[in-house]
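Visitor: Please work out how this folds:
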Amino acid sequence: MATMTDQNALVTTVKSWPERTRTFYNDVRTEMRKVTAPSWKEVRATTTVVVITVAIFALYFFVIDFIIQHGVTALFRLFKVH
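Guide: Got it, this is the predicted structure:
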């Protein structure tokens, strides 16, 4: 069984829940007022950076895959049992 102190702590926690919830939502509203949407120029700039970065990584992985594929194929040919 729970002791009286544990029960009091639970009751206090339950009673403070509405006030903590109200405080939380007020804090959220305050922070959301500080949020601004990016300008169209910023969106275009960051999108361009993302597209270029993805293209560079795609090219890099294509080259690495090509090298590894041909290296493994050459090893299989070298050690092929006749």
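
Visitor: Residue ranges in this structure under the pLDDT threshold?
Guide: For the chain, applying pLDDT under 70 flags the ranges 1-2, 4, 6, 82.

Visitor: So the residue nearest the centre of it versus Thr30, what's the distance?
Guide: Per C-alpha atoms, centre = their mean, the C-alpha nearest to the average position across the chain is that of Val50, at 15.5 Å. For Val50, the distance to Thr30 equals 31 Å [C-beta to C-beta, to the nearest Å]. Where you see a C-beta, it was placed from the backbone N, CA and C, and this is true even at glycine.

Visitor: Which helix or strand contains Asn8?
Guide: helix 4-33 (DSSP states H and E).

Visitor: For that helix, buried residues please.
Guide: Neighbour counts over helix 4-33 (16 or more other C-beta atoms under 10 Å) mark no residue as buried.

Visitor: What of stretch 48-59?
Guide: For stretch 48-59, the neighbour count (16+ other C-beta under 10 Å) marks no residue as buried.

Visitor: where does Phe37 land in three-state SS?
Guide: For the record, residue 37 is Ala, not Phe. Following DSSP: H, G, I helix; E, B strand; the rest coil, we place Ala37 in the coil state.

Visitor: neighbours of it, just the number please.
Guide: The tally of other residues near Ala37 (other C-beta atoms under 10 Å) stands at 7.

Visitor: cool, Trp40 as well?
Guide: By other C-beta under 10 Å, 8 other residues sit near Trp40.

Visitor: Could you do the one 4 residues further on as well?
Guide: Neighbours of Arg44 under the rule other C-beta under 10 Å: 11.

Visitor: quick one: what helix or strand has it in it?
Guide: In this structure, Arg44 sits in helix 40-78 according to DSSP H and E.

Visitor: helices or strands up against that helix?
Guide: Judged by 3 or more C-beta pairs under 8 Å, 6 or more residues apart in numbering; DSSP states H and E, helix 40-78 is in contact with no other helix or strand.

Visitor: So Lys80: helix, strand or coil?
Guide: Lys80 ends up coil, using three-state DSSP.

Visitor: So it versus Ile67, what's the distance?
Guide: Separation of Lys80 from Ile67 (C-beta to C-beta): 20 Å.
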